[in-house]
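**Student:** with the input below, show me the fold.
(chains A and B)
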Amino acid sequence: MNCIKKKVKEEIERGCIGSNLNCPYYPSHFFGQDCTFCYCPFYPCEDTTFGKFINSKRGKKIWDCSDCLFIHRSEVVKFVMDHLRAGIDCDDDKVKEIFQEAKKRFWRRGKAFMVLGATSDAGKSVTVAAICRILHRKGLIVSPFKSQNMSLNSMVTRTGSEIAMIQTLQAQAAGLKNTDFHMNPILMKPKGDTVSEVIVDGEHFADYDVTAYYNEFVPGPGKDTVKRSVDFLLGRYDVVVMEGAGSPAEINIYDCDIANMKAAEIANANCILVVNAEWGGSFAYALGTVELIPENDRKRIKGIVINNVRGDPEKMRSGANEIEKILGIPVIGIIPHVDVKLPSEDSESFRNSRIVGDGSVRIVVVKFPRISNFTDLDPLSLEDATIVFAECPEEFEGADVIVLPGTKNTISDLEWMKNSGIASKIISMKGKVPIIGICGGYQMMGSTLLDPNGIEEKIFTKVDGLGFFDNITTWKDGNKCVRRDRGTIVTTGGLITGYEIHSGVTEVNEKPLFNIEKLGKNDPEGSVRENEMLFGTYLHGVFETVDSRRYFLSFVKGAKIGRGVDYFQFVDESLDKLADAFEKSLDVDKMMDIIGVLR
Amino acid sequence: MKVLFLGTSSGAGKTTIVAMYCRYLSRNGISVAPFKASNLSFRSCRTDNGEIGIGQAFQALASGIRPEVDMNPILLKPLGDGKIQLLLKGVPDRIISNKDPLDIQMATTEACKAFDRLSVKYEAVVCEGSGSPAEINLRDRDIANIGMMRERNIPAVLIGDIERGGVFAALYGTWKLIPENQRGLLKGFIINRFRGDLTILDSGITRIEELTDMKCLGILPYVNLSFPEEDSLSNRHKLESDEKYIKNLDSMIDKAERSGFDFRTLEKIAKE
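**Tutor:** The predicted structure is shown next:
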């Protein structure tokens, strides 16, 4: 404690410094944060609005406020500075008094605002991302939120929790450094046609089929979870931009739906409805959605956005006017189709196209029936590459690189790959082109896979892998490895980052591909046989660093060596372009009124 | 007999369901022709007397007859840059654009004439709408949907795509945006591309039937078709042989019958 007090004293003597752009840890929370108080003068405030007690490693109770943003608000910093300066050595009671006064003046429960979609793929996620960025650029502290997400594209938070990838992207749009499981407290990962693994608060909770999910989970733990997370976020952020799921007007399951109007009610959120114009019928979708929602909930819908309009948006105006008249709800934006490359949420995006880019290196990815984290491939589109998601052996003809991506059901998808003829095609290409396996794809590259207890899906006593590596993967128990990694490529020393989400454990009898930094030590990770151009790793996001892409592409004959574009930067610029496009066509003032924040 | 299949959006499955119903009727010994008044499509097919949209060519195959231009009298081929080539009765007529738009009255007249000729020649004409019939900003320019309903009093069945979600909203919203004096022609609806447990939909279906007076004819399962859908959204399917196509339709019909698809009510609607 005395140590902290000393640091605080130094901070006060130094005065306000605003954002500390030179700090290697900047931003610890969000871009634009005030870094004056790296050590909080109020610690430990013991106010549960801002933190909680946790058990330390030694079993002692300690105050954890690592996700509090209050002291990084510049108005709070200024107030504290003005009052503490007067008496640098002021006693604890005085500090408490100042804390109470600061809370009274500057702490407000945030505003919740929800983006509903008339269909899945209406453009909700992108709209949320755009709005997050617009509000962030206005200087507001913003968080994304989606109560329940069904997706096989997930990511790992700072504290090792699993949430949907798309909320991570939206958090980046909001200028946040970290994600939190509260941003997506319920994640459903389909593992069969009707069963899903349900992740709650970032951790495995249970498997449910559709009926049990709606009848048991939703009314019980589901509702409480949403409430807890909404409260957490509203206590910390100015605005929580919530995303609905699917359509809010599924009248056959209306009462069991906690992803849409129920969440809006819990958060007391005003809503806007987004309709995708691309497929036609957008006015009918808008009208039908609003009118099928029961009146009490309908009142929350304060605006309609017609999204993804190709051709002249003004042509939609007369229809928009008519809809406004019928519903009494303004159309606050007619947004043209925006051509930015952003990670896409789910396999719905495969409906239109399975080919990305038109560069000279042909990267063929096995499109497993249960493909997961296929956004791993996105950074490769920064290179001179064409990415093909292939479902039959013929599509592997002329491949320069083969990628076996992640999958929710490794062994079932391995069997599918053998039956489809893809496995033997890939085996025939071994040694001719680089073959890279990620997570489930890496497990398949080994000699043997065993799931004696049916942990992942069903019992498989012993299944032959592709035999590229002398590795054995076993699913022993439900223990899941969920963590973020940072390290180096063994042979080049290049930087590598990524994250792991897997329950199988691999006994590795190969040279490691990476060294992962772990508590000051190096942990070997993955497998490599460079002479046969075989690479395997558990790391999702493995292609995000420039060094990584440079390394893998160096094995492709004639390929230009990596363009050196930073992926984070690229995504960030795309988010700015997206926000620019929305700002142009969206009545932002009107939206601010609906959100309920002062312009 | 005449019936018009409308979709709540493009890609709702109109083309395939029209083909399926053509095949169903021809299998039952009824002479049938497909018809789509106007078609906006890159892809066309040559017939003995001119070009028509490829969808109608496939539907003719399903009907067991040779395709002809009356099945798609207005074909609009996008040329890019806002320019569209108009093919009238299968023959290139002129280039239309924003400045020089299609003469809707002329086109409607031609469409009606073609429809009348088919009605004389065949016992049944199964019509396909275009896009959504509820594009209220384009209401005055609609030919294939409410245009044909108005001109020839054709009873209609609305197809909703459940795969994207929001199907009840789409069905209800589309119904509500059809001009009141024509709404009565909307007799039934179909839920297309369903996966999963049918019973979960019951309460929603009942509600839509009550609200709109349309009858639910059935729920069709998701099928991965091995022939081209006619719109420009999905272009990865390759043209397959005729027999395989007919076999596919037959299996769709069988599956539909097994799932309780109400062909009898559909027939009643078409005979009204």
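**Student:** quick check: B:Tyr24 touching B:Arg264?
**Tutor:** No: using CB atoms under 8 Å, B:Tyr24 is not in contact with B:Arg264; the gap is 11.6 Å. C-beta: built from backbone N, CA, C; applies to glycine.
**Student:** quick check: residues of the stretch 151-272 of chain B near chain A?
**Tutor:** Applying CB under 8 Å from any CB of the partner chain, we find that the stretch 151-272 of chain B lies next to chain A at B:164-166, B:168-174, B:176-177, B:195-197, B:200-205, B:207, B:233-234, B:236.
**Student:** are any of those buried, and if so which?
**Tutor:** Buried residues within those, defined by neighbour count using 16 or more other CB atoms under 10 Å in any protein chain shown: B:164-166, B:168-174, B:176-177, B:201, B:204-205, B:207.
**Student:** from the residues you listed, which is closest to A:Asn55?
**Tutor:** Among these, B:Gly165 lies closest to A:Asn55 (CB to CB), at 43.2 Å.
**Student:** three-state assignment of the closest one?
**Tutor:** Secondary structure assignment for B:Gly165 (DSSP: H, G, I helix; E, B strand; the rest coil): coil.
**Student:** contact partners for it?
**Tutor:** Contact analysis of B:Gly165 by CB atoms under 8 Å, 6 or more residues apart in numbering or on different chains lists A:Thr119, A:Ser120, A:Gly246, A:Ser247, A:Glu250.
**Student:** and the last one, how many neighbours does it have?
**Tutor:** A:Glu250 sits with 24 neighbouring residues when counted by other CB atoms under 10 Å in any protein chain shown.
**Student:** for it, give its distance to A:Cys271.
**Tutor:** To A:Cys271, A:Glu250 is 16 Å away according to CB to CB, to the nearest Å.
**Student:** what of the fourth one?
**Tutor:** If you measure A:Ser247 against A:Cys271 using CB to CB, the figure is 13 Å.
**Student:** between these two, point out the one with more neighbours.
**Tutor:** Remark: of A:Ser247 and A:Cys271, A:Ser247 carries more neighbours, 28 against 25, as counted by other CB under 10 Å.
**Student:** where in the stretch 151-300 of chain A is pLDDT low?
**Tutor:** Nowhere does the stretch 151-300 of chain A drop to pLDDT under 70.
**Student:** so what's A:Leu586 up against?
**Tutor:** Taking CB under 8 Å, 6+ apart, we find A:Leu586 in contact with A:Val305, A:Ile332, A:Gly333, A:Ile335.
**Student:** what are the phi and psi values at the closest residue to A:Asp257 other than its chain neighbours?
**Tutor:** Leaving out its chain neighbours, the residue that sits closest to A:Asp257 by CB to CB, 6 or more residues apart in numbering or on different chains is A:Glu250, at 6.5 Å. Here is the backbone geometry of A:Glu250 (degrees, to the nearest 10): phi -80, psi 90.
**Student:** quick check: A:Glu250 touching B:Gly166?
**Tutor:** Yes: A:Glu250 is in contact with B:Gly166 according to CB under 8 Å; the separation is 7.4 Å.
**Student:** so which bits of the stretch 251-400 of chain A are right by chain B?
**Tutor:** Proximity of the stretch 251-400 of chain A to chain B, by CB under 8 Å from any CB, involves residues A:251-253, A:279-281, A:283-289, A:291-292, A:315-320, A:322-323, A:348, A:351-354.
**Student:** buried subset of those?
**Tutor:** In those, burial by neighbour count holds for A:251-252, A:279-281, A:283-289, A:291-292, A:316, A:319-320, A:322-323, A:354, counting by 16+ other CB under 10 Å.
**Student:** per-residue confidence for A:Asp82?
**Tutor:** pLDDT, A:Asp82: 89.
**Student:** please list all residues in contact with the residue in the stretch 101-250 of chain A that chain B sits nearest to.
**Tutor:** Nearest residue of the stretch 101-250 of chain A to chain B (CB to the nearest CB) works out as A:Ser247 at 3.3 Å. Taking CB under 8 Å, 6+ apart, we find A:Ser247 in contact with A:Gly117, A:Ala118, A:Thr119, A:Ser120, A:Asn260, A:Thr289, B:Gly165, B:Gly166, B:Ala169.
**Student:** quick one on the thing from earlier: could I get the contacts of B:Gly165 as a markdown table with distance to B:Val223 and secondary structure?
**Tutor:** Shown next, in a markdown table, are the contacts of B:Gly165 (distance: CB to CB, whole Å; DSSP: H, G, I helix; E, B strand; the rest coil):
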| residue | distance to B:Val223 | secondary structure |
| --- | --- | --- |
| A:Thr119 | 20 | coil |
| A:Ser120 | 20 | coil |
| A:Gly246 | 22 | coil |
| A:Ser247 | 23 | coil |
| A:Glu250 | 23 | coil |
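**Student:** which member of those is positioned nearest A:Val76?
**Tutor:** A:Gly246 (39.2 Å).
**Student:** so what's that closest one up against?
**Tutor:** A:Gly246 is in contact with A:Gly117, A:Thr119, A:Ser120, A:Ala259, A:Asn260, B:Gly165, B:Gly166, counting by CB under 8 Å, 6+ apart.
**Student:** now restrict these to buried residues only.
**Tutor:** Those of those that meet the buried threshold are A:Gly117, A:Thr119, A:Ser120, A:Ala259, A:Asn260, B:Gly165, B:Gly166, by 16+ other CB under 10 Å.
**Student:** pLDDT check: weakest of the residues you listed?
**Tutor:** Least confident entry in those, by pLDDT: A:Ser120, with 89.
**Student:** from the stretch 451-599 of chain A, which residue is nearest to chain B?
**Tutor:** For the stretch 451-599 of chain A, CB to the nearest CB, closest residue to chain B: A:Ser585, 16.5 Å.
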